[in-house]
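# pasting the sequence and the predicted model now:
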Amino acid sequence: MMAKFLKNEITKLVHSKKLYILIGFIIFMAISICFIMNSQEARLESNPKEALEYSKEMLNDLLNMNSSIFLKQLGTEFIFRTAAPYFAFFMIVFSIGIFGEDFFSGNMKFFIRLHKDNSSIFKAKVLSLIVYSFLVVVLTLLLGFIVGIFFFGLSFKGLSQVILIYLSAIIPMASWGLIFGLVSMYIKNKNVSIALGIAVSIFLSISDKTTITNNFSPIGVIGYVGRVRFDGVDFKTLIIGNLVALIYFVVAYFIGKNIFEKREFSY
């Protein structure tokens, strides 16, 4: 039964405008960053003194740009961006859609009354969050790599490390989505839920980048990579950050399971 509900959630995602907005946004981000990189490289060539404004790592990336290095730039500006954490924004909108919006629109109530299987419906929604988080990361990798090849040329050097860092964002964002998805079931106005989720995401991402909150934050990995950038990442710290996010995920899962088993789905 759960597989049937999961298929329904994925079908809704595939046929929703949200997926195509996501794809369009990633492509827009990738192409914009390409033009910025080309502009910076041209400025360096015309005025070598500007090289003093860049770190050694950034300067090396600019002068030796290729598809793999480009993925690091795209990851920093999209997946691991702080202050305006776009990945978190997309995750918030998606999770509120499948939890709060489904609940208050009556869709969730309809399926629960029809199948009388609250637990399977909840598990399917949790799995769809993981699928969506994975999808965002994979789409960013694939589209970014293709755009990078077109503008800067093909290179596989360092690609495996870049992929691992990208993948480290999946669990934290799924956890973040689950937390706010459950919160949205208690806020009838969808716009209020989204505004709250975006505001908290901005605050926490900035805090995680500038203070020690990244050590115990569900999305601490985002702030950490945003601070040290790809070349400064310590994989031990990434693993610890994912374990912390997993703890949040498990706690939120059992809270949500309890809500779905005991809450009366009427409004």
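Great, that's in hand. Residues are numbered from 1 along each chain as shown.
# C-alpha only now, for contacts and for neighbours.
Fine.
# helices of the chain, start to end?
2-14, 17-46, 56-63, 67-77, 86-96, 102-105, 107-115, 118-152, 159-167, 170-184, 190-210, 220-228, 235-262 (DSSP state H).
# so can I have a markdown table of these showing mean neighbour count and mean pLDDT?
Written out in a markdown table, the entries for these read as follows (neighbours: other Cα atoms under 10 Å; pLDDT from 0 to 100):
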| stretch | mean neighbour count | mean pLDDT |
| --- | --- | --- |
| helix 2-14 | 15 | 84 |
| helix 17-46 | 15 | 89 |
| helix 56-63 | 14 | 76 |
| helix 67-77 | 23 | 95 |
| helix 86-96 | 24 | 96 |
| helix 102-105 | 17 | 85 |
| helix 107-115 | 14 | 69 |
| helix 118-152 | 20 | 94 |
| helix 159-167 | 17 | 97 |
| helix 170-184 | 26 | 97 |
| helix 190-210 | 19 | 95 |
| helix 220-228 | 25 | 93 |
| helix 235-262 | 17 | 94 |
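# ramachandran coordinates for residue 85?
Listed backbone geometry of residue 85 is phi -70, psi 90, with angles given as degrees, to the nearest 10.
# leaving out the residues flanking it, which one is nearest to it?
Leaving aside its sequence neighbours, residue 85 sits nearest to residue 202 (Cα to Cα, 6 or more residues apart in numbering; 6.5 Å).
# the one you found and residue 86 touch, don't they?
No - in terms of Cα atoms under 8 Å, residue 202 does not count as a neighbour of residue 86; the distance is 9.4 Å.
# name the nearest residue to the most centrally placed residue in the chain, sequence neighbours excluded.
For the chain, residue 87 is the residue whose C-alpha lies nearest the centre (Cα atoms, centre = their mean; 3.4 Å). In this structure, residue 87 finds its nearest non-sequential neighbour in residue 79, 5.4 Å apart by Cα to Cα, 6+ apart.
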